[in-house]
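[1] Provided below for reference: sequence and predicted model.
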Amino acid sequence: MTAEYKVLGEVAVITLANPPVNGLGFATRVGITDGLAKALADDAVTSIVITGAGKAFSGGADIKEFGTPKALQDPNLLSVILALEASTKPIVAAIHSVCMGGGLELALGCHYRVVAPGTSIALPEVKLGLLPGAGGTQRLPRVLGVETALNMIVSGEAVKSEMLAGLPGQKLIDQLAGSAESLFDEAVIYAKSVAGKTGDALPLVRNLPCKHPQGDAYFQFARNMVGGMSKNYPAPLKCVDAVAAAAKMKFDDGLAEERRLFTGLMFTPESIALRHLFMAERAASKIPDVADDTPKREIKSVAVIGAGTMGGGISMNFLNAGIPVKILEMKQEALDRGLATIKRNYEAQVKKGKLKQDKYEQRMALLTTTLSYDELKDADLIIEAVFEELGVKEKVFKELDRVAKPGAILASNTSTLDVDKIAAFTERPQDVVGMHFFSPANVMKLLEVVRGAKTGKDVLATVMGVAKKIKKTAVVSGVCDGFIGNRMIEQYSRQAGFLLDEGATPQQVDRAVEKFGFAMGPFRMGDLAGNDIGWAIRKRRATERADMKYSRTADKLCELGRFGQKTGAGWYDYQAGKRDAIPSQVVLDLIEQHRKDEGIVPRKISDEEIVQRLVYALVNEGARILEDGIASKSGDIDMVYLTGYGFPIWRGGPMHYASQVGLYNVAEAMKRFAKNPRDDGNFWEPAPLIQKLVAEGKSFG
């Protein structure tokens, strides 16, 4: 049983005990109703307290049961709340730490609520593309007023109990406890003080009035505001409809309308994608052969080699987490430049009110610099962010091998190079790992953790823990050219080039992909990252993989020195100090001349073909990455693309999206593309994994 029952004198206590957040799974729900039945049958019991063990009252639904029959098995949460409301003895919820989702709905079904200060209270279902489904949209407006409740439901954000307790006329919190420590004792005293109340004397949230003075006009205003901010997400507008039902209908009718809206959202592609993201994010931190209790190394200080854009951004992550950082450079001018950039970034945050001055000063105080490798001898973790060339990395890692203390973790921020070769430059390959940050490193959430053949399990466990500390989403990748993200993006970029050859313009390709939901199309992305980076990779490919086919347009662009925003010209033109991409006649002429040279007659290309070729290129390469064991699960690939490459969140990542479209349909499209003489027919052979899943009628994940 995941709810404990005990009696203290005349007060029965039901304690939710389903760690880590007392999720309201089937066994917990049974435990609550069983405990309630015992308390009602015991004449010595005059009142009941419900609380949560450990670090939460309740975080809501049990994610382990998501999508399983147990999630809806009776007693479901609605039935549990109805049982609480029907109790003939007063029930007091003793709420602390975390009270969210179904946990808050459960508390609203109790007669009274005693709440500890510092408690985070929320209905976060909108973040999963849903709305509260057990009366949250009907009861919260009755205790907090329509506007406050609607803001909480539509945003899904948590609010602290002290703030809610201070709202005039609120009926959510009957008593704010003196402290978290005294909460339970205060709740028991409160329960004794209301003992003996029965029938109509027991207050029920469902019986409170719910109106907005402006009525329909307010809800129309709310729909206009919410609709403008949530165009790709249906849930926020449905939240408005559900709260409007609370204000207009009898309670039971409003409850039925909430259920109808909830069920409708449950099967939308957006909610399915957001729930997939929720689960994939949690699963990404699990490495199949690295147990949760693997010992971790202590990381108390970090050294970063390189004070450029990447080095500075990487350093800021650790400074933000309160971890001291020492930056190494070869020349004082480079150090000064890097330090100035870090200061400028922080000062901009202070100016915008996002960072307090004293916090800025604390962070800068944690930062030191050096020109000597010898001064890195005490660092627990050393990350190099030097030029992406194997010879340069070799020099760095030989020096690190000489100076780093035993047990220090040596990490490379390489985005494509072989981590095993880098590890072989040292006498301690078990301590070497890839930590591929994405630019700007202090902003982007993704961290690709590259596992070398000899990387120690404790090193992996430590780096995954560090990632959490610096608020990154870490995904483990095996060693291959480009790891997960860049190996796939190369195929995406190749397709973008072929589309130019065949008749599209950079603007059309970017527009089609951005309409699909990408943050930016491939050509704007190239201009932002620097087209010379792709050029260097293609030059390397020419010697390593001469069979790899590319459009020549990108090389011709680079031969003109059009490297993107940093040179003021790339696939687009740029004005000084601005990032607006202006279509370039020079580029259009270059593409046209290239087609003539190749004897290509341009054709009209639909936006649908553009999106399919770019996205399915990611999917096919992603499937090969899974076959090669570079990624351990398709959800990891989705996390890389959602957090590092601007794939639309409401579509759930490339692998999830392909499963939603249907892998049979995806494979058929690939076979069509394989017949295009201007494309790479071999690439479009559906990966064996896709063929296998289609034959078995299955999907990724």
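    Thanks, I have the structure now. Just so we're clear, the structure is a prediction, and the values are computed from it rather than from any experiment.

[2] tell me where the stretch 251-400 of the chain has strands.
    Applying DSSP state E, counting those that start in this stretch to the stretch 251-400 of the chain gives strands spanning 302-305, 325-328, 367-370, 381-384.

[3] redo those strands as TSV? Include mean neighbour count and distance to residue 279.
    The C-beta positions use only the backbone N, C-alpha and C, and glycine is treated the same way. TSV is the format used below for those (neighbours: other CB atoms under 10 Å; distance: least, CB to CB, whole Å):
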stretch	mean neighbour count	distance to residue 279
strand 302-305	28	31
strand 325-328	23	34
strand 367-370	16	37
strand 381-384	26	29
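
[4] any chance of those strands in TSV, plus distance to residue 255 and mean pLDDT?
    Output for these, formatted as TSV (distance: least, CB to CB, whole Å; pLDDT from 0 to 100):
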stretch	distance to residue 255	mean pLDDT
strand 302-305	53	97
strand 325-328	54	96
strand 367-370	55	94
strand 381-384	53	97
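
[5] make JSON lines from these and add distance to residue 20 to it.
    Formatted as JSON lines, these follow (distance: least, CB to CB, whole Å):
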{"stretch": "strand 302-305", "distance to residue 20": "28"}
{"stretch": "strand 325-328", "distance to residue 20": "31"}
{"stretch": "strand 367-370", "distance to residue 20": "34"}
{"stretch": "strand 381-384", "distance to residue 20": "27"}
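
[6] for those, which one sits closest to residue 281?
    Within the strands of the stretch 251-400 of the chain, the stretch nearest residue 281 is strand 381-384; the backing value is 23.3 Å (CB to CB).

[7] quick one: residues in contact with that closest one.
    With contact meaning CB atoms under 8 Å, 6 or more residues apart in numbering, strand 381-384 is reached by 299, 301-306, 314, 376, 393, 396-397, 400, 404, 408-413, 435, 466.

[8] quick check: residue 401 touching residue 431?
    No. The criterion here is CB atoms under 8 Å, and residue 401 misses it with residue 431 at 9.3 Å.

[9] higher neighbour count, the two?
    Neighbour totals were compared for residue 401 and residue 431, and residue 431 leads with 26 against 15 (other CB atoms under 10 Å).

[10] quick check: pLDDT value at that one.
    We have a pLDDT of 97 for residue 431.

[11] and it, how far from residue 139?
    Using CB to CB, to the nearest Å, residue 431 is found at 55 Å from residue 139.

[12] circling back to that earlier point, looking at the strands of the stretch 251-400 of the chain, which is nearest to residue 626?
    Residue 626 lies closest, by CB to CB, to one member of the strands of the stretch 251-400 of the chain: strand 381-384, at 28.0 Å.

[13] sheet-wise, list the partners of the closest one with their directions.
    Looking at strand 381-384 with DSSP bridges, its partner strands are strand 302-305 (parallel), strand 409-412 (parallel).

[14] wait, which of the ones you listed is closest to residue 649?
    strand 409-412 (28.3 Å).

[15] average pLDDT for that closest one?
    On average, strand 409-412 scores 97.

[16] next secondary structure after that strand?
    helix 419-423 (DSSP states H and E).

[17] tell me what that next one is packed against?
    Packing contacts for helix 419-423, counted by 3 or more CB pairs under 8 Å, 6 or more residues apart in numbering; DSSP states H and E, involve helix 390-403, strand 432-437.

[18] which strands and helices lie in contact with the last one?
    Here strand 432-437 touches helix 309-320, strand 409-412, helix 419-423, strand 446-450, helix 457-469, going by 3+ CB pairs under 8 Å, 6+ apart.

[19] among those, which is the most enclosed?
    Ranked by mean neighbour count, the helices and strands packed on strand 432-437 are led by strand 409-412 with a mean of 27 (mean count of other CB atoms under 10 Å).

[20] and the contacts of that one?
    The contact list for strand 409-412, computed with CB under 8 Å, 6+ apart, reads 297, 299, 380-384, 393, 397, 400-401, 404, 419, 422, 426, 428, 431-435, 450, 459, 462-463.

[21] give me that answer again for 6 Å
    The contact list for strand 409-412 (CB atoms under 6 Å, 6 or more residues apart in numbering) reads 381, 382, 383, 384, 400, 422, 431, 432, 433, 434, 435, 459.

[22] got a markdown table for the residues you listed, with distance to residue 601 too?
    Below are these laid out as a markdown table (distance: CB to CB, whole Å):
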| residue | distance to residue 601 |
| --- | --- |
| 381 | 56 |
| 382 | 56 |
| 383 | 51 |
| 384 | 49 |
| 400 | 56 |
| 422 | 47 |
| 431 | 57 |
| 432 | 52 |
| 433 | 51 |
| 434 | 45 |
| 435 | 48 |
| 459 | 55 |
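
[23] wait, residue 314 touches residue 442, no?
    No. The criterion here is CB atoms under 6 Å, and residue 314 misses it with residue 442 at 7.8 Å.
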